[in-house]
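Novice: predicted model, plus sequence, below.
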Amino acid sequence: MRMRYTAPPRPAGFAGLAAFTVLAAALAAPAAATAQAVGRAMGPEALGFKKSFVVEIRNPSPITLENHAVIIDVAAIRAGVAWDFNTYMYALFEEKGGEYSLVVSQADDLDKDRYHDEIVLVRTLPPSSTTRLVCYWTPERSLPRLITAEKAFAREAWELEGPEAGWESNLAAFKLVRGRIEFYGKLQPGLILKKLPAPETKLQDWGMDVLDAGESAGLGGLVLWDGGTRIPLFGAGAPQPKLTVISPGPIRALVKAEYPALKTGGGDVALTVYYSAFADNAYSRQDVTVVAKPGGAPVVLAPGIQELAGGTLSLDKDKGTLTVWGGGAGKAGEIGLAAIFDPAQFIGLDKAGHGYGAVKLGRYAAGKLTYWVAGAWERGVTAPGVPAAKNWARKAEELAARLRVPVAVEFKER
C-alpha cells in the first residue's frame with residue numbers, strides 16, 4: 001500500500017542544531033568548496049541526509065543544450081523510486097572521484113497546497129549525453145532556504161494602473177499588461193524588476209522598456225478561437241485573470257494566471273496560463289492548461305506578436321518560429337520579437353486586427369499547450385548582431401531547435 005506523503009512543518013529556527021548548521025554552510029558554499037567540504041565529510045550522509053536515488057537526464061540530440069531548463073515531476077519521483085521523498089529536505093549532487101558538487105535547484109508548489117509539484121534546475125547538457133545526478137533527502141526534517149545566486153524573480157503589480165505582474169531572468173524581463181506581454185531591454189545581466197517603478201521609457205542604468213504593445217497582443221498575448229469567433233484575452237474588454245506569483249526565483253520565476261470561465265459554443269472553457277523565466281535564459285515559457293466540457297467543440301489557441309515599425313513578420317512553420325525585427329517603443333531603437341511553437345500543432349496564421357500576427361495552434365477540448373516567446377534589443381545583452389533582422393530570425397530558429405529537444409528524466413535506485 002502506498003502512503004500519502006505529508007510535508008513536515010517548516011522549522012522556526014536552526015540555532016543549536018549543529019548538523020543543519022554544517023549542512024547549510026556546506027551547501028551555500030561555491031561548488032569547489034562544496035565538493036571539498038562534502039568529500040572530506042565522506043558524503044552527504046554525514047550532513048544529515050539518509051536516503052538517495054539517481055536522476056538521469058538524457059539529451060538525445062546532436063546539439064549542445066546550453067543552460068537547459070530541466071523540470072522534474074515530484075509525483076513521478078514518489079511513484080517510481082521514493083514514495084516518502086521530502087521536498088523540504090533534499091539536495092542534488094554531481095559525484096566525481098568520490099567528491100560531491102551541489103547542483104542548485106528549487107522546488108515549486110504550483111497550487112499552494114504546501115506540496116511541491118516540480119523541481120527545477122538549469123544545466124548544460126552535452127550532445128547525445130546522459131547527465132547523472134544523485135538526489136539525497138531525509139524524510140522527517142526541513143532544510144532552511146539556502147543563499148544562492150538569484151537569477152530569476154517575479155512580482156505582482158508595482159504601480160496603480162500599471163502592469164499586473166512581472167517575471168524575469170538575469171537576461172530578460174517581461175510584464176503582463178491587461179493580457180498583453182511586453183518586455184524590458186537589459187544593458188547587462190542582472191535582475192531589474194525590484195527597481196521598479198521607474199521612468200522606464202527613458203534609458204536607465206539597467207536598460208529600458210522597449211516594447212509598447214498598444215492594442216496588440218505584444219509578445220505572446222493569447223487569442224482563443226471558438227469556431228470562427230475570435231476571443232482576445234488581452235485589452236480593456238478582455239476577461240481579467242486571477243494572478244498569483246508562484247515562485248519569485250532564484251532559478252525559475254513563475255506567475256500563474258487563472259481566467260474566469262470563457263463562454264463558447266461548446267460550453268464554458270477554463271484556461272490557466274503559467275508564465276516562467278529561467279536563470280541564464282532570455283525567453284519566457286508559457287504553459288496553458290485547457291479545461292472544457294467533454295464532447296464540446298474544441299477551441300484553437302493563438303499566441304500573437306506585434307508588428308513593428310519598419311519590420312516584416314516572418315513565419316517558418318516547419319521550424320516553429322514567427323519573428324519580426326523593427327522599431328521598438330519610443331527612443332529604444334530596434335527590437336526583435338519571436339514566438340516559438342511545436343510545428344506539429346500549427347494550423348495557420350491569423351493576421352486580422354490590431355496590427356499583429358498570431359499562430360493558430362492545436363484544437364483543444366482539454367489538454368496543455370506550451371509555447372515560448374523571446375525578445376531582443378539592439379543595444380542590450382540580447383542583441384543579435386549585424387545584420388540584425390537576419391541574425392534574429394536565425395537565433396530564434398536555433399532557440400526553437402533547442403527548446404523542442406525531448407529531454408528525458410528518469411529515476412533509478414542506488
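Specialist: Right, received. Where do you want to start?

Novice: if you count neighbours, what's buried in the longest helix along the chain?
Specialist: Longest helix in the chain by number of residues (criterion: DSSP state H): helix 388-403. For helix 388-403, a neighbour-count test (16 or more other CB atoms under 10 Å) marks 388-389, 391-393, 395-397, 399-403 as buried. Placement of C-beta: from N, CA and C, glycine included.

Novice: just send these back as JSON lines, with pLDDT and distance to E215 too.
Specialist: Converted to JSON lines, the buried residues of helix 388-403 look like this (pLDDT from 0 to 100; distance: CB to CB, whole Å):
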{"residue": "A388", "pLDDT": "93", "distance to E215": "26"}
{"residue": "A389", "pLDDT": "92", "distance to E215": "24"}
{"residue": "N391", "pLDDT": "95", "distance to E215": "29"}
{"residue": "W392", "pLDDT": "96", "distance to E215": "24"}
{"residue": "A393", "pLDDT": "95", "distance to E215": "25"}
{"residue": "K395", "pLDDT": "96", "distance to E215": "28"}
{"residue": "A396", "pLDDT": "96", "distance to E215": "24"}
{"residue": "E397", "pLDDT": "97", "distance to E215": "29"}
{"residue": "L399", "pLDDT": "97", "distance to E215": "28"}
{"residue": "A400", "pLDDT": "97", "distance to E215": "27"}
{"residue": "A401", "pLDDT": "97", "distance to E215": "33"}
{"residue": "R402", "pLDDT": "97", "distance to E215": "33"}
{"residue": "L403", "pLDDT": "97", "distance to E215": "29"}
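
Novice: sorry, back to before: next one: the longest helix of the chain to chain centre, how far?
Specialist: Averaged C-alpha coordinates place helix 388-403 at 19 Å from its chain's average position (CA atoms, centre = their mean, to the nearest Å).

Novice: need the contact partners of that helix.
Specialist: Contacts with helix 388-403, where a contact means CB atoms under 8 Å, 6 or more residues apart in numbering, come from 63, 65-66, 68, 283, 311, 314, 316, 319-321, 323, 325, 334, 336, 338, 340, 372, 374, 376, 378, 384-385.

Novice: what sits against F234?
Specialist: R178, G179, R180, A213, A217, G218, G221, L222.

Novice: list phi and psi for the nearest residue to it once chain neighbours are set aside.
Specialist: Spatial nearest neighbour of F234, excluding adjacent residues (CB to CB, 6 or more residues apart in numbering): G179 at 3.1 Å. When read as degrees, to the nearest 10, the backbone of G179 gives phi 90, psi -20.

Novice: my read is that G179 contacts L224, right?
Specialist: No - here G179 does not reach L224: they are 11.1 Å apart, not a contact under CB atoms under 8 Å.

Novice: what residues are shared contacts of the two?
Specialist: L233.

Novice: show me the contacts for the residue nearest the centre of the chain.
Specialist: Residue closest to the mean C-alpha point of the chain, counted by CA atoms, centre = their mean, is S276 at 2.9 Å. By CB under 8 Å, 6+ apart, S276 lies in contact with W167, R252, A253, L254, V255, S284, R285, Q286, D287.

Novice: with those residues in mind, which one is nearest to E95?
Specialist: R252 (24.6 Å; CB to CB).

Novice: by contact count, what packs against the helix or strand hosting T131?
Specialist: Assigned by DSSP states H and E, T131 belongs to strand 129-137. Judged by 3 or more CB pairs under 8 Å, 6 or more residues apart in numbering; DSSP states H and E, strand 129-137 is in contact with strand 51-59, strand 90-96.

Novice: before we move on, back to that, just the buried ones from the contacts of helix 388-403, in ChimeraX syntax?
Specialist: Those of these that count as buried under 16+ other CB under 10 Å are selected in ChimeraX with:
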select :65,68,283,311,314,319,320,321,323,325,334,336,338,340,372,374,376,378,384
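
Novice: the strand holding T131 vs strand 51-59, what angle?
Specialist: Here strand 129-137 runs at an angle of 160 degrees relative to strand 51-59 (axes from the mean of the first three to the mean of the last three CA atoms, to 10 degrees).

Novice: so what strands line up beside strand 129-137?
Specialist: Using DSSP bridges, the strands paired with strand 129-137 in its sheet are strand 51-59 (antiparallel), strand 90-96 (antiparallel).

Novice: mind telling me which of those strands the model trusts least?
Specialist: Of all those, mean pLDDT reaches its minimum on strand 90-96 (a mean of 94).

Novice: moving C-terminal from it, which element do we reach first?
Specialist: strand 99-103.

Novice: quick check: mean pLDDT of the helix or strand just after that next one?
Specialist: As assigned by DSSP H and E, the chain's next helix or strand after strand 99-103 is strand 106-108. Strand 106-108 comes out with an average pLDDT of 96.
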